[in-house]
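Trainee: Attaching a predicted model along with its sequence, questions to come.
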Amino acid sequence: YPPLPDPLPSPVIDSHCHLDIGAAGRDGERGLAVDTALAAGEAVGVDAVIQVGVDVASSREAVRIAHDWAQVVAAVALHPNEAPRIDAEHGRPNLQAAWQDIAELATDDRVVAIGETGMDFFRTDPPGRAVQEESFRRHIDLAKHLDKTLVIHDRDAHADILRIMDDEGAPRRVVMHCFSGDAAFAEAVTQRGWFCSFAGVVTFKNAGSLREALAVVPRDRILVETDAPFLAPMPYPRSAQRLLLDPETNGVMAEHLRADLDEVSLRPCGTTPSSVRRVHGGLVGPGAHRTRPRVGSAADSGWRRDFVIDPGTVRRIAALARVGSDDLVLEVGPGLGSLALALLETGAAVEAVEIDPRLAARLRRPWPGRRPGR
């Protein structure tokens with residue numbers, strides 16, 4: 001994985017990612033567990049994320065992750081390429097069933113957006129585009145019916161996106177995910193009051209027209225995303241993309257906008273809690289996890305102390321400490337050993353010193369062969 005960049009001066013929110021795909025791994029790279037990915041993101045200033053579904057299964061997983069992690073909210077949809085695939089391979093009844101499943105998932109209170117939906121002429125050939133358009137229109141209607149943000153995937157289909165949206169009538173809030181148009185398209189989008197979300201592509205050397213588009217988008221209509229594990233910023237390979245690379249994208253955007261990094265981190269709508277609520281509602285934002293804590297702890301009246309035992313929490317602590325395989329960690333008073341185990345997972349050498357004989361006896365069980373008291 002890429003090294004951790006310096007933390008951003010102000011907390012940001014990743015407006016579009018796929019933690020489930022990152023956890024499974026891709027392109028031969030081992031997966032990164034959801035809790036580890038979130039911890040790495042927090043270590044560099046990514047305090048909250050929008051987890052996006054692309055089919056029924058991943059949309060269900062998005063909802064599950066959003067319920068398990070308070071700094072995550074979900075978006076659900078059939079990806080533009082998914083609808084024609086289901087129709088061609090499994091038939092119309094299965095496609096209708098998938099639309100119904102998405103509609104039901106969309107009512108969950110942790111779902112803030114409908115997406116990613118839209119049009120993709122790169123991977124869907126002309127025979128499948130009628131079904132793709134029908135699916136897009138259904139998602140537009142669903143977003144309006146539930147008053148949720150519409151997240152649009154647009155690949156080589158700018159004119160058709162505008163045509164369909166103008167025909168249907170846009171929901172109150174619309175996000176152009178991984179904006180890929182030029183300055184003229186950016187003006188058309190922002191004149192309609194929509195938001196433009198920029199991913200790592202904006203850092204590519206050949207993305208001059210995209211940076212020109214960034215320059216014409218009003219600051220209060222700019223969002224930043226990783227699309228993790230896709231679209232890593234330069235100079236990282238595509239498969240290396242994680243939430244922790246948001247600072248790299250923000251840095252290039254700040255340079256092009258001739259703004260301080262703090263300004264880009266603090267002011268664009270996609271990066272601050274108050275602004276994100278304009279797009280996705282009040283469920284997401286840095287500090288959201290503090291209002292709904294999920295720290296697993298066990299209190300014991302005999303020892304008169306609490307022990308942090310939640311695996312996600314202790315892994316976040318290890319990630320925030322930037323502990324690696326070359327480090328030797330001395331942990332004094334490891335309690336039940338949960339943090340020590342998380343530190344060992346990083347490859348670090350750990351000396352856990354415990355003077356309470358009752359706890360030392362417990363610590364020997366998960367680590368047979370270790371010296372007593374260690």
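Mentor: On my side now, so go ahead.
Trainee: Tell me which helix or strand in this protein has the weakest average pLDDT.
Mentor: Taking mean pLDDT, DSSP states H and E as the measure, the chain has helix 288-291 as its least confident helix or strand, at a mean of 38.
Trainee: Count residues in the vicinity of the residue nearest to Gly115 when sequence neighbours are not counted, would you?
Mentor: Leaving aside its sequence neighbours, Gly115 sits nearest to Val151 (CB to CB, 6 or more residues apart in numbering; 2.5 Å). Placement of C-beta: from N, CA and C, glycine included. Using other CB atoms under 10 Å, the number of residues around Val151 comes to 31.
Trainee: With Arg192 instead?
Mentor: Residues near Arg192, counting by other CB under 10 Å, number 12.
Trainee: Could you give the bridge partners of the residue nearest to Gly115?
Mentor: Counting by DSSP bridges, Val151 forms beta bridges with Val175.
Trainee: Next one: it from Arg219, what distance?
Mentor: With distances taken as CB to CB, to the nearest Å, Val151 is found 20 Å from Arg219.
Trainee: low-confidence ranges in the protein?
Mentor: Counting by pLDDT under 70, the chain shows low-confidence ranges at 1-10, 25-30, 231-277, 281-316, 336, 358-359, 361-374.
Trainee: 50 instead, please
Mentor: Along the chain, segments meeting pLDDT under 50 span 239-241, 243-247, 254, 256-273, 286-306, 368-374.
Trainee: Which stretches in it count as strands?
Mentor: Under the criterion DSSP state E, strands of the chain are mapped to 12-17, 46-52, 72-76, 111-120, 149-155, 174-177, 195-198, 222-224, 297-300, 305-308, 328-332, 349-353.
Trainee: I'd like these written out as JSON lines, with distance to Ser58 added.
Mentor: Converted to JSON lines, the strands of the chain look like this (distance: least, CB to CB, whole Å):
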{"stretch": "strand 12-17", "distance to Ser58": "12"}
{"stretch": "strand 46-52", "distance to Ser58": "8"}
{"stretch": "strand 72-76", "distance to Ser58": "9"}
{"stretch": "strand 111-120", "distance to Ser58": "11"}
{"stretch": "strand 149-155", "distance to Ser58": "14"}
{"stretch": "strand 174-177", "distance to Ser58": "15"}
{"stretch": "strand 195-198", "distance to Ser58": "19"}
{"stretch": "strand 222-224", "distance to Ser58": "21"}
{"stretch": "strand 297-300", "distance to Ser58": "32"}
{"stretch": "strand 305-308", "distance to Ser58": "31"}
{"stretch": "strand 328-332", "distance to Ser58": "36"}
{"stretch": "strand 349-353", "distance to Ser58": "36"}
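Trainee: Between those, which one is closest to Asp167.
Mentor: Nearest of these to Asp167, taken as CB to CB: strand 111-120 at 12.8 Å.
Trainee: so what strands line up beside the closest one?
Mentor: As assigned by DSSP bridges, strand 111-120 forms pairs with strand 72-76 (parallel), strand 149-155 (parallel).
Trainee: Please work out which residues outside the longest one touch it.
Mentor: Looking back up the chat, that one is strand 149-155. 16, 50, 52, 75, 77, 79-80, 112-123, 139-140, 143, 161, 170-171, 173-178, 180-181, 279-281 (CB atoms under 8 Å, 6 or more residues apart in numbering).
Trainee: Show the buried residues in those.
Mentor: Neighbour-count burial (16 or more other CB atoms under 10 Å) applied to those gives 16, 50, 52, 75, 77, 79-80, 112-121, 139-140, 143, 161, 170-171, 173-178, 180-181, 279-281.
Trainee: Which residue, other than its chain neighbours, is closest to Val353?
Mentor: The spatial neighbour of Val353 that comes closest, neighbours along the chain excluded (CB to CB, 6+ apart), is Val332 at 5.3 Å.
Trainee: Tell me how far that neighbour lies from Ala360.
Mentor: Using CB to CB, Val332 is found at 13 Å from Ala360.
Trainee: higher neighbour count, these two?
Mentor: Each of Val332 and Ala360 has its neighbours counted (other CB under 10 Å); Ala360 has more, 18 against 9.
Trainee: That one touches Glu354, doesn't it?
Mentor: Yes: under the criterion of CB atoms under 8 Å, Ala360 makes contact with Glu354 at 4.7 Å.
Trainee: helices or strands next to the longest helix anywhere in the chain in the packing?
Mentor: The longest helix of the chain (DSSP state H) is helix 129-146. Applying 3 or more CB pairs under 8 Å, 6 or more residues apart in numbering; DSSP states H and E, one finds that helix 129-146 makes contact with helix 82-90, helix 92-105, strand 111-120, strand 149-155, helix 158-168.
Trainee: buried residues in it?
Mentor: Using 16+ other CB under 10 Å as the test for burial, helix 129-146 gives Arg129, Val131, Gln132, Glu133, Ser135, Phe136, Arg138, His139, Ile140, Leu142, Ala143, Lys144.
Trainee: ok, and the closest non-adjacent residue to the last one?
Mentor: Excluding its sequence neighbours, the residue lying closest to Lys144 (CB to CB, 6+ apart) is Pro171, at 4.8 Å.
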